[in-house]
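> Below are the sequence and a predicted model for it; my questions follow.
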Amino acid sequence: MSRYLTENQIDLLAEEAVTNYELSCDWGSAALAAYEYSADEFGVRPRPTAIRLIVKRAILIWQAETIRVKAVIA
């Protein structure tokens with residue numbers, strides 16, 4: 001078993017981070033949720049660089065969703 005996250009796992013964790021951010025409005029809390037999800041579901045404790053990547057992708061997902069909603073409203 002690999003001790004590193006795959007691209008698909010990183011994408012899933014980014015989605016998990018966005019879901020947590022919607023509830024907490026805190027990216028630190030979202031990062032912790034992604035870390036815990038990874039440990040529970042994949043048995044992998046992500047390195048800090050992986051968590052930063054996950055949060056950056058989550059922020060991009062959040063910004064894209066924000067732009068989409070603003071376009072629908074306008």
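All right, it came through fine.

> What number of residues are in the vicinity of the closest residue to residue 33 other than its chain neighbours?
Spatial nearest neighbour of residue 33, chain neighbours left out: residue 20 (3.9 Å); criterion: Cβ to Cβ, 6 or more residues apart in numbering. All C-beta atoms are positioned from the backbone trio N, CA, C, and that covers glycine. Residues lying near residue 20 (other Cβ atoms under 10 Å) number 21.

> and residue 20, what does it touch?
Going by Cβ atoms under 8 Å, 6 or more residues apart in numbering, residue 20 touches 29-30, 33-34.

> List only those of these flagged as buried.
Buried by 16 or more other Cβ atoms under 10 Å: 30, 33-34, out of those.

> In whichever helix in the chain runs longest, which of the residues would be classed as buried?
In the chain, assigned by DSSP state H, the helix with the most residues is helix 48-73. Within helix 48-73, the residues that count as buried by 16+ other Cβ under 10 Å are 50-51, 53-55, 57-59, 61-62.

> Counting by contacts, list what that helix packs against.
helix 7-24, helix 27-41 (3 or more Cβ pairs under 8 Å, 6 or more residues apart in numbering; DSSP states H and E).

> how about a markdown table for the ones you listed, with distance to residue 70 added?
Shown next, in a markdown table, are the helices and strands packed on helix 48-73 (distance: least, Cβ to Cβ, whole Å):
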| stretch | distance to residue 70 |
| --- | --- |
| helix 7-24 | 16 |
| helix 27-41 | 20 |
